[in-house]
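**Student:** pasted the sequence and its predicted model underneath.
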Amino acid sequence: MINFFPLLFIVLSRFNYLVLATDRFIAWLVPTGETTPFALITKDLQN
């Protein structure tokens with residue numbers, strides 16, 4: 001049976017990277033200084 005934990009970890013890390021990239025793009029696109037929901041989600045995940 002295949003162990004899915006490394007695959008799940010890779011998918012989650014890639015998803016976290018995608019969220020951070022999207023957050024950076026939105027912050028660059030709309031330079032209002034406000035935090036996007038993506039930033040709040042990643043802060044909750046990192047804490």
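**Tutor:** Alright, I've got the coordinates.

**Student:** pLDDT weak spots in the chain?
**Tutor:** Low-confidence regions of the chain, defined by pLDDT under 70, span residues 1-2, 30-47.

**Student:** mind redoing it with 80?
**Tutor:** Residues of the chain that meet the criterion pLDDT under 80 lie in 1-4, 23, 26-47.

**Student:** look through it and tell me its longest helix.
**Tutor:** Ranked by number of residues, the top helix in the chain under DSSP state H is helix 5-29.

**Student:** tally of neighbours for L18?
**Tutor:** By the criterion of other C-beta atoms under 10 Å, L18 has 11 neighbours. Where you see a C-beta, it was placed from the backbone N, CA and C, and this is true even at glycine.

**Student:** and it, how far is that from N3?
**Tutor:** 24 Å (C-beta to C-beta, to the nearest Å).

**Student:** same question for I26.
**Tutor:** When C-beta to C-beta is applied, the distance between I26 and N3 equals 36 Å.

**Student:** which of the two has more neighbours?
**Tutor:** I26 (15 against 7).

**Student:** what's the local residue count around V11?
**Tutor:** As a burial measure, the neighbour count of V11 was computed by other C-beta under 10 Å and equals 11.

**Student:** and it, what does it touch?
**Tutor:** Remark: with contacts taken as C-beta atoms under 8 Å, 6 or more residues apart in numbering, V11 is in contact with nothing.

**Student:** and if we set it to 10 Å?
**Tutor:** Contacts of V11 were listed using C-beta atoms under 10 Å, 6 or more residues apart in numbering, and they are F4.

**Student:** same question for F5.
**Tutor:** Neighbouring residues of F5 by C-beta under 10 Å, 6+ apart: there are none.

**Student:** gap between it and V11?
**Tutor:** In this structure, F5 and V11 are separated by 11 Å, where distance is defined by C-beta to C-beta.

**Student:** count residues in the vicinity of F4, would you?
**Tutor:** Residue neighbour count, defined by other C-beta under 10 Å, stands at 9 for F4.

**Student:** and for L12?
**Tutor:** Using other C-beta under 10 Å as the criterion, L12 is surrounded by 11 other residues.

**Student:** what's the answer for R24, then?
**Tutor:** One way to gauge burial is a neighbour count; for R24, by other C-beta under 10 Å, it gives 13.
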